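> The following block contains a protein sequence and its predicted model.
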Amino acid sequence: MLDRPRADQYSVVTCSHGRPPTWRWEIQRRPRELGIKLYGTAFKTESAAKLAGERALVAFLDGLAKEERNA
């Protein structure tokens, strides 16, 4: 498991303005886009979306590191 995410890849949390409002997370990369969309939706709180996004980012980066080691 990685100690910390790479500086160019991070999760972002946003809120819909529907009724009721819902939160979502998305993994992004800067300055280049990731090339795919990785996100989770329908969280009832910002903190739940943030925690899920952080966990998803760590899992994504762990999987990427494993692929790079096996290549």
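That came in fine, so what should we check first?

> Please make it C-alpha for all contacts and neighbour counts, starting now.
Noted.

> quick one, strands of the protein?
For the chain, the strands defined by DSSP state E occupy 9-15, 23-29, 38-43.

> my guess is F43 meets T22, correct?
Yes - taking contacts as CA atoms under 8 Å, F43 lies within contact range of T22: 5.6 Å.

> Tell me which residue is most central in the protein.
Within the chain, one residue has its C-alpha closest to the average C-alpha position: by CA atoms, centre = their mean, that is I27, at 3.3 Å.

> avg pLDDT for stretch 48-56?
Average pLDDT, stretch 48-56: 95.

> which residues are contacting it?
By CA atoms under 8 Å, 6 or more residues apart in numbering, the list of residues contacting stretch 48-56 from outside reads 10-13, 23-27, 39-41, 43.

> Just the buried subset of those, please.
Y10, S11, V13, W23, R24, W25, E26, I27, Y39, G40, T41, F43 (16 or more other CA atoms under 10 Å).

> To be precise, which single item in these has the lowest pLDDT?
Minimum pLDDT across the buried ones among the contacts of stretch 48-56 falls on Y10, with 85.

> For it, give its distance to L57.
For Y10, the distance to L57 (CA to CA, to the nearest Å) stands at 7 Å.

> likewise T45?
Taking CA to CA, one finds T45 at 18 Å from L57.

> The two - which one has more neighbours?
Legend: neighbour count by other CA atoms under 10 Å for T45 and L57, higher for L57 (24 against 13).

> quick one: that one and K37, what's the gap?
Look at L57 and K37: by CA to CA, they are 12 Å apart.

> Name the residues contacting each of those two.
Common neighbours of L57 and K37, counting by CA under 8 Å, 6+ apart, are I27.

> Do a quick rundown of the helices in the chain.
Ranges of helices in the chain, per DSSP state H, are 46-70.

> May I have the beta-bridge partners of the nearest residue to T45 once chain neighbours are set aside?
Distance criterion CA to CA, 6 or more residues apart in numbering; nearest residue to T45, sequence neighbours excluded, is W23 at 6.3 Å. Beta bridges link W23 to C15, F43 when assigned by DSSP bridges.
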